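>>> Sharing a sequence plus its predicted fold:
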Amino acid sequence: MEQFDNIDDYIADLKKKKEASPTCSNTRYNLGVAHLSKREFMEAEREFLTAIEESPKMAEAYVQLGGIAMQRGDLDGCLRYNITATKQRPFFAVPWGNIGFVYMQQGDVDKAIGALKRAIKYDPNFVQALATLGSAYFNEGEIDDCIEVCEKAVKLAENFGPAWNNLALCYAEKEDFTKAIECIDKAIETGFEASPDFLKELEAHR
């Protein structure tokens, strides 16, 4: 693989490749990802849309378009793109995880749990999906299930704050405040912003 000193050189190289072969969907996709890394969302979107025109089965491009929709606060657009991605590649875990996340945002916890379980079935080490599933279980009052999936998440990624936060909420619910404080401290160490009310509640037990 060619080495580039910076992202701009990489983008310039990809643009040359695009001129030489305008219908190459992989070049378009890589260019879209490069623009995303610079937060150039409109340019990225244009490349991903062209990539799927050339290769309608390119599931990754639909997932990236879903991410751009989410960035704009368009949850329905994000959902639509990720559902399309699962139709192209049913066993691709990432869009199932994103679908679960959107359903959680929309308050449809049952649908979220269904999608997240599929994500984890296809990729048992999908940390974000495990933590989001934990949140869904917590919402449903399934405290032990939440602990189980979030314990797994923090074993896989020790610095994943949302999973530590979920564990803190669960242990507080079980009135094991020592463990809850331990978990919330770990969440905060990762840069996670815990709810001030929850922190106040735990302070009373320090």
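Done, it's in. Numbering: from 1, shown residues only.

>>> residue contacts, the residue lying closest to K57 once chain neighbours are set aside?
Among residues not flanking K57 along the chain, Q88 sits closest, at 4.7 Å (CB to CB, 6 or more residues apart in numbering). Yep, even glycine has a C-beta here, placed from its N, CA and C like the rest. By CB atoms under 8 Å, 6 or more residues apart in numbering, the contact set of Q88 is 56-59, 62.

>>> Narrow these to those that are buried.
Among those, those classed as buried by 16 or more other CB atoms under 10 Å are 58-59, 62.

>>> Which positions in the helix or strand bottoming out on mean pLDDT in the chain come out as buried?
Least confident element among the helices and strands of the chain, by mean pLDDT, DSSP states H and E: helix 7-20 (a mean of 88). Residues of helix 7-20 classed as buried by neighbour count (16+ other CB under 10 Å): 10-11, 13-14, 17-18.

>>> then it to CSV, C-alphas only?
The C-alpha trace of helix 7-20 is given here as CSV (Å, rounded to 0.1, in the frame of the first residue of the first chain):
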residue,chain,number,x,y,z
ILE,A,7,-4.6,13.1,4.1
ASP,A,8,-4.5,15.9,1.5
ASP,A,9,-1.9,14.0,-0.6
TYR,A,10,-4.0,10.8,-0.3
ILE,A,11,-7.1,12.7,-1.5
ALA,A,12,-5.2,14.2,-4.4
ASP,A,13,-3.9,10.7,-5.4
LEU,A,14,-7.5,9.3,-5.2
LYS,A,15,-8.8,12.2,-7.3
LYS,A,16,-6.2,11.3,-10.0
LYS,A,17,-7.3,7.7,-9.9
LYS,A,18,-10.9,8.8,-10.1
GLU,A,19,-10.2,10.8,-13.3
ALA,A,20,-8.4,7.8,-14.8
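
>>> which strands and helices sit next to that helix?
Packing contacts for helix 7-20, counted by 3 or more CB pairs under 8 Å, 6 or more residues apart in numbering; DSSP states H and E, involve helix 25-37.

>>> Enumerate the positions of whatever helix or strand comes next after the helix it packs on that are buried.
Next in sequence after helix 25-37, counting helices and strands by DSSP states H and E, comes helix 41-54. For helix 41-54, burial by neighbour count (16+ other CB under 10 Å) applies to 41, 44-45, 47-48, 50-52, 54.

>>> I would like the residues contacting stretch 198-206, please.
168-169, 172, 177-178, 180-181, 184.

>>> tell me which residues in it are buried?
By neighbour count with 16+ other CB under 10 Å, stretch 198-206 contains the buried residues L202.

>>> With that, I have no additional questions.
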